[in-house]
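**Q** test case, fold it:
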Amino acid sequence: MAKLPDKKTIKELADLLADTGLSEIEVETGEVRIRVARQGVAVNAVVPAPVAAAPVAAPAAEASTPAAPVGELAGALKSPMVGTAYLSPEPGAANFVKVGDSVSEGQTLLIVEAMKTMNPIAATKSGKVTQIIVGNEQPVEFDEVLMVIE
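**A** Numbers count the residues shown, from 1 in each chain. You can find the predicted model right below:
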């Protein structure tokens, strides 16, 4: 069984988070992974479950073909960094785009704030915004799908 992290380690990570202005930090040592995130102050300690001895067969596919996962869509716009997503240029302002809007390559679609720096995220291609996956002021991970442009 993996050793659980002590309160001192969690406190040090939380202090580091506050001192650096990061929205989250994750540390992994052996089988123990600790993730501390700012968003109403969440502290998670994860100990992986034992691996199953044999894989279980997947159920038979249904007659209809399921939709591709969002991350595999050709028009998926992914976050280039960890941070906080903002859908508008400032609080109270209209969003940069909404579902159904036509966008041009290079057009700013949202902002990802990382370490107190606002990073505009531009459209990688021209098209129509078909989905906005991320919410305003939502923490995002590297390579997480933010929007879909078709």
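**Q** helix or strand right after the least confident helix or strand in the chain by mean pLDDT?
**A** Lowest by mean pLDDT, DSSP states H and E among the helices and strands of the chain is strand 42-46, with a mean of 47. Along the chain past strand 42-46, the next helix or strand (assigned with DSSP states H and E) turns out to be strand 76-78.
**Q** centre of the chain versus that next one, how much separation?
**A** 11 Å (CA atoms, centre = their mean, to the nearest Å).
**Q** can you list the weak-confidence ranges in this structure?
**A** 1-5, 17, 38-73 (pLDDT under 70).
**Q** all the strands of it, residue numbers only.
**A** Along the chain, the segments classed as strands by DSSP state E run 24-29, 32-37, 42-46, 76-78, 83-86, 102-103, 108-114, 117-122, 127-132, 138-140, 145-149.
**Q** need those strands in TSV (columns: distance to residue 96 and mean neighbour count).
**A** (Glycine included, C-beta is placed from N, CA and C.) Shown next, in TSV, are the strands of the chain (distance: least, CB to CB, whole Å; neighbours: other CB atoms under 10 Å):
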stretch	distance to residue 96	mean neighbour count
strand 24-29	24	14
strand 32-37	25	18
strand 42-46	28	13
strand 76-78	12	20
strand 83-86	9	22
strand 102-103	9	16
strand 108-114	5	19
strand 117-122	9	14
strand 127-132	10	17
strand 138-140	15	19
strand 145-149	10	21
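**Q** reformat those strands as JSON lines; add distance to residue 95.
**A** Listed next are the strands of the chain as JSON lines, based on distance: least, CB to CB, whole Å:
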{"stretch": "strand 24-29", "distance to residue 95": "24"}
{"stretch": "strand 32-37", "distance to residue 95": "24"}
{"stretch": "strand 42-46", "distance to residue 95": "26"}
{"stretch": "strand 76-78", "distance to residue 95": "15"}
{"stretch": "strand 83-86", "distance to residue 95": "9"}
{"stretch": "strand 102-103", "distance to residue 95": "12"}
{"stretch": "strand 108-114", "distance to residue 95": "8"}
{"stretch": "strand 117-122", "distance to residue 95": "13"}
{"stretch": "strand 127-132", "distance to residue 95": "8"}
{"stretch": "strand 138-140", "distance to residue 95": "13"}
{"stretch": "strand 145-149", "distance to residue 95": "11"}
